[in-house]
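K.L.:
Okay, here's the prediction I keep looking at, along with the sequence it came from:
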Amino acid sequence: MPSDPTPEPPEPWVEQEQSQIPGIQIFNLHIPETVRSRALGVHPAPKFDPNFVMLNAKAMKDLLSANVDENASHFAFFSRHGTIMGHDHAADVKAVKRFSAFAANTWERNDISIRETGRTVNALTPGTTILQALVKGDGSGLQCLIVQVDGLVGAVTHVREGTLLAALKGKGEFAGETDEIAGRITGVEVSKAGEGAEGGESVVADGGSEGSSVDDGVGSGAEGSGKEKRKEVEGEAKPPKIQILVWRSEGMGQYMVNELGPHFKIPKGFY
C-alpha cells in the first residue's frame, strides 16, 4: 500500500488588528511551531560575552606598522592555530598569511616536542625550515622559534592567550651575514659561520644536539655614556641581523602583553 504523503508544514499567517489610532492598522505575523523551530528553542544561538575584549583591527595594523624599521621589515600577529589577526600596512598579505599558518603549525609541534623530549621536530609544511629553536630556561617550551617560510624569515614568540607574534625580514636581507643561523637560510649566500642568537637555550634546527646556554643581554649597539663608553661601543661588532630580529620580536611581544590587558581572550572556536 502506498504510504501517506508527508503533510505539508503549516504556513505562517498574518493577524490584522485595529489600532486605537485612526487610519493605522497593526499586522501580527504568526509562525507555527515546526521541528526546526523546536530545535532552535532547545539549542539557542550563543550569547555574546561582554567580558571578551576584542581586537581593533585598524589600531593593531597601525601599531605594527609604526614599529617597522630596518631591523624588522614586517610584523604579523596570529593565533597558535594560524589565524592571522594583524599585520603591518606594507606587508604582502598572501605571503604573511602563509607564513602565519605554517609557522603556527611548526610552533605547536615543536613546543609540545620540546616539553616532552627536549628536541625539535622537522616542519611538516612545504617550504618551511626551522633555523633555530630557543627554549625557555626551565625547559617548559619554546621561547622563540626562528623559521623560514619560502622567502620570509621570522622570529616567532608567544604573546598571550594562544597568540604569537613574528618579526619578519625577507631572506635576501641576510645576504652576506656571517653567523651560523643565517647560514641555514635557503637561497641566500652568506659568509663564514659564527654564533647563534641569544635569549635562551639553543636547540639546533635538525633536532639533534643541544647548544650551550647563553645569557640575555643588551645589544652592543646601545648608546654609552661618555667618550670612553662610546669608543668601546663603536669598536664592537654589530650583532647579527637574526639576533636583532629575535630582540625585536621579544620586545614587541612583551609590549603587546601589556597593551592587550588582562581581560584579552580569544573566543573558543576562533581559529
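P.N.:
Great, that's in hand. On a predicted model such as this, the values are computed, not experimentally measured, just so you know.

K.L.:
Do you have the strands of the stretch 101-250 of the chain handy? List them.
P.N.:
Ranges of strands in the stretch 101-250 of the chain, per DSSP state E, counting those that start in this stretch, are 128-135, 142-149, 152-158, 163-170, 201-204.

K.L.:
Residue 81: which of those is closest?
P.N.:
Closest of the strands of the stretch 101-250 of the chain to residue 81 is strand 163-170, at 9.9 Å (criterion: Cβ to Cβ). For glycine as for every other residue, the C-beta is placed from the backbone atoms N, C-alpha and C.

K.L.:
could I have the closest one exported to CSV, CA atoms only?
P.N.:
C-alpha atoms of strand 163-170 as CSV (Å, rounded to 0.1, in the frame of the first residue of the first chain):
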residue,chain,number,x,y,z
THR,A,163,48.7,34.2,20.3
LEU,A,164,52.0,34.5,18.5
LEU,A,165,54.0,37.5,17.1
ALA,A,166,56.5,37.3,14.3
ALA,A,167,59.1,39.9,13.4
LEU,A,168,59.9,39.3,9.7
LYS,A,169,62.5,40.1,7.1
GLY,A,170,62.9,38.9,3.5
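
K.L.:
Going forward, count from 344.
P.N.:
Yep, numbering from 344; the last one is strand 506-513 now.

K.L.:
That one to strand 485-492, inter-axis angle?
P.N.:
Interaxial angle, strand 506-513 versus strand 485-492 (axes from the mean of the first three to the mean of the last three Cα atoms, to 10 degrees): 40 degrees.

K.L.:
What is the longest helix seen in the chain packed up against?
P.N.:
For the chain, the helix with the greatest residue count under DSSP state H is helix 436-460. With contacts taken as 3 or more Cβ pairs under 8 Å, 6 or more residues apart in numbering; DSSP states H and E, helix 436-460 sits against strand 417-422, strand 427-430, strand 471-478, strand 485-492, strand 495-501, strand 506-513.

K.L.:
how about the strands of the stretch 444-593 of the chain in TSV, adding mean neighbour count?
P.N.:
TSV is the format used below for the strands of the stretch 444-593 of the chain (neighbours: other Cβ atoms under 10 Å):
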stretch	mean neighbour count
strand 471-478	23
strand 485-492	25
strand 495-501	26
strand 506-513	25
strand 544-547	21
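
K.L.:
lowest-confidence stretch among those strands?
P.N.:
When the strands of the stretch 444-593 of the chain are ranked by mean pLDDT, strand 544-547 comes last with a mean of 54.

K.L.:
To residue 438, which of the helices and strands packed on helix 436-460 lies closest?
P.N.:
Using Cβ to Cβ, the nearest of the helices and strands packed on helix 436-460 to residue 438 is strand 495-501, at 6.0 Å.

K.L.:
got the contact list for that closest one?
P.N.:
417, 419, 438-439, 442, 446, 450, 474, 485-491, 507-514, 517, 528, 540, 585, 588-589, 591-593, 596 (Cβ atoms under 8 Å, 6 or more residues apart in numbering).

K.L.:
swap the cut-off to 7 Å and go again
P.N.:
438, 442, 446, 450, 487-490, 507-514, 517, 528, 588-589, 592-593, 596 (Cβ atoms under 7 Å, 6 or more residues apart in numbering).

K.L.:
Export the helices and strands packed on helix 436-460 as TSV, with columns for distance to residue 354.
P.N.:
Listed next are those as TSV, based on distance: least, Cβ to Cβ, whole Å:
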stretch	distance to residue 354
strand 417-422	46
strand 427-430	45
strand 471-478	57
strand 485-492	56
strand 495-501	56
strand 506-513	50
